[in-house]
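>>> Provided below for reference: sequence and predicted model.
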Amino acid sequence: MTDLPRASMTRSYGSPRRLCLLFLLDALVVSCRADPNTLTVAGTVEIREVQLAPLTSGRLVLLLKDEGDTVRAGDTIAVLEQPGLSALIEQRRAQASAAESRTAEIAAAQADSARAATDLERARRLLANGGISQQQYDAAVTAATVAAARLRAVRAGPSEVRAAGAAVAAARAILDQLILIAPADGIVLTRYAERGEAIGVGMPVVSIGVVHRPWIRAYVGERFIARVKVGQDVRVRVDAYPDTTFAGRVSEIAPRAEFTPRAALTERERADLVFGIKISIDAASGRLKAGMPVEVDLPLLP
């Protein structure tokens, strides 16, 4: 287009900005006339982000993934260490073994106590018949008392075994928490720490984007929100794939409007109220990337 026609159009319609607005309004009117029961809104592709953080403190000694790397569920992402933890586990294992070895001692004490009780009962009958002396009977009483006392002393063994086993399990749980595992397939988005850094409880080491389950954030005007419901099927169009539409559904509608302050709503400003909606994509096969602009066709309810 030459400069003369552009100047002529500017004189006829006003400023170039006004001209662009008129073209947009004309396009919107044509779109609405094409299908008044379908609302087309703009949206953005989002992905879920998972931050991996340990539940115990330690020093980062191994970082196996960097930003941009693809990960699979179950992959080891990072390894931390706690000085002295291995020695503590070995100590508690030894205590557990010692406690378990007392099981045989308990069985022997039970047998000795039962035998001493039987001997005492026999000695009591013999003493009544004059078969043994009082000194022999007293010796049987002493033997039964000693065996019973020994049995009471070693009966704490089972509780010691359980306590020692629980101590080993607790130490092993700490060791397991020092290894960060990818919870799902995705891509490492951000690395927050470097090798050698001290990592506190809950401090993220990396964040993983779950790219295979994208969703769309879009906004619907206040006057249309009553004609949209959760579970409603929608169609999604992307400039990168002009010949393809993606099936989706409305999975969430925000309970609160945005953008316009509640305290100063005029009739004109009420038209600016929008509600955020979340749209889940059924199958995108990894083609939708975070940040992509999309258009969503929402069939309006009666």
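Cool, the structure landed.
>>> what packs against the longest helix seen in the chain?
The longest helix of the chain (DSSP state H) is helix 85-129. Judged by 3 or more C-beta pairs under 8 Å, 6 or more residues apart in numbering; DSSP states H and E, the packing partners of helix 85-129 are helix 134-154, helix 157-177. Yep, even glycine has a C-beta here, placed from its N, CA and C like the rest.
>>> just the angle between the first one and helix 157-177, please?
Think helix 134-154. In this structure, helix 134-154 runs at an angle of 20 degrees to helix 157-177, with axes from the mean of the first three to the mean of the last three C-alpha atoms, to 10 degrees as the basis.
>>> quick one: helix 134-154 to chain centroid distance?
Average the C-alpha atoms of helix 134-154, do the same for its chain, and the two points are 60 Å apart (C-alpha atoms, centre = their mean, to the nearest Å).
>>> what's around Ile181, how many residues?
The local packing count at Ile181 equals 13, with neighbours defined by other C-beta atoms under 10 Å.
>>> so what's it bridging to?
Counting by DSSP bridges, Ile181 forms beta bridges with Thr76.
>>> gap between it and Asp239?
37 Å (C-beta to C-beta, to the nearest Å).
>>> check Tyr137 too.
Tyr137 sits 105 Å away from Asp239 when distances are taken as C-beta to C-beta.
>>> who's more crowded, those two?
The residue with more neighbours, out of Tyr137 and Asp239 and counting by other C-beta under 10 Å, is Tyr137; that gives 17 against 9.
>>> check contacts around the more buried one.
With contact taken as C-beta atoms under 8 Å, 6 or more residues apart in numbering, Tyr137 is in contact with Ala123, Arg124, Leu126, Leu127.
>>> of the residues you listed, closest to Ile77?
Nearest to Ile77 out of these is Ala123 (C-beta to C-beta; 72.0 Å).
>>> before we move on, the earlier item: now the longest helix of the chain against helix 134-154, angle please.
Between helix 85-129 and helix 134-154, the angle comes out at 160 degrees (the same axes, to 10 degrees).
>>> so how far is helix 85-129 off the chain centroid?
For helix 85-129, the distance between its averaged C-alpha position and the chain's averaged C-alpha position is 48 Å (C-alpha atoms, centre = their mean).
>>> element containing the residue lying closest to Val50 once chain neighbours are set aside?
Spatially, and ignoring its direct neighbours in sequence, Val50 is nearest to Ile208 (4.8 Å; C-beta to C-beta, 6 or more residues apart in numbering). Under the criterion DSSP states H and E, the helix or strand holding Ile208 is strand 206-221.
>>> what pairs with that strand, parallel or antiparallel?
According to DSSP bridges, the neighbouring strands of strand 206-221, each with its direction, are strand 38-52 (antiparallel), strand 186-191 (antiparallel), strand 274-281 (antiparallel).
>>> take the ones you listed and lay them out in CSV including distance to Arg227.
Conversion of the strands paired with strand 206-221 to CSV gives the following (distance: least, C-beta to C-beta, whole Å):
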stretch, distance to Arg227
strand 38-52, 8
strand 186-191, 36
strand 274-281, 12
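>>> which of these sits closest to Ala254?
strand 274-281 (4.0 Å).
>>> what about Arg162, distance to Leu88?
19 Å.
>>> the more surrounded of the two?
Each of Arg162 and Leu88 had its neighbours counted (other C-beta under 10 Å), and the higher figure belongs to Leu88 (16 against 12).
>>> where in the protein is pLDDT low?
Along the chain, the model assigns pLDDT under 70 to residues 1-35, 98-105, 153-161, 260-271, 283-285.
>>> if you set the cut-off to 80 instead, what comes out?
Residue ranges of the chain with pLDDT under 80: 1-36, 84-110, 112, 127, 130-131, 137, 147, 149-168, 258-272, 282-286.
>>> report the contact partners of Asp66.
For Asp66, the contact set (C-beta under 8 Å, 6+ apart) comprises Val188, Arg191.
>>> host element of it?
Asp66 is part of no helix or strand when elements are defined by DSSP H and E.
>>> pretty sure Ala116 contacts Ala144?
Yes: between Ala116 and Ala144 there is a contact under C-beta atoms under 8 Å: 4.0 Å.
>>> quick one: Arg217 and Gly276 touch, right?
Yes: with contact defined as C-beta under 8 Å, Arg217 counts as touching Gly276 (6.5 Å).
>>> what residue of this protein is the furthest out?
Gly130 (79.8 Å; C-alpha atoms, centre = their mean).
>>> state the phi and psi torsions of it.
When read as degrees, to the nearest 10, the backbone of Gly130 gives phi 80, psi 20.
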